[in-house]
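Asker: Got a sequence here, can you model it:
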Amino acid sequence: MVILGIAARNGHPISFWQFTRYGLVVTLVTIALCVPYLWLRYLA
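Answerer: Next up is the predicted model:
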């Protein structure tokens, strides 16, 4: 919330959907990297 306020004050408002779109990308990349690591670490 703090970052959203700072961004808006500096003329770069971030909408809910823009935040959600970037958040989903980061989440999917993180999962795509972690699942193979965990599989190799604990199951292989």
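
Asker: burial of residue 4, as a residue count?
Answerer: Other residues within reach of residue 4, judged by other C-beta atoms under 10 Å, total 14. (C-beta placed from N, C-alpha, C; glycine too.)

Asker: Give the helix, strand or coil label for it.
Answerer: Using DSSP: H, G, I helix; E, B strand; the rest coil, the structure places residue 4 in helix.

Asker: doesn't residue 16 make contact with it?
Answerer: No - look at residue 4 against residue 16 with C-beta atoms under 8 Å: they stay out of range, at 9.5 Å.

Asker: Spell out the secondary structure type for the closest residue to residue 4 other than its chain neighbours.
Answerer: Closest residue in space to residue 4, ignoring its immediate chain neighbours: residue 14 at 5.5 Å, by C-beta to C-beta, 6 or more residues apart in numbering. Using three-state DSSP, the secondary structure recorded for residue 14 is coil.

Asker: gap between residue 14 and residue 26?
Answerer: Between residue 14 and residue 26 the computed distance is 14 Å (C-beta to C-beta, to the nearest Å).

Asker: Counting neighbours, go ahead and name the busier of the two.
Answerer: residue 14 (13 against 10).

Asker: No more questions from me, cheers.
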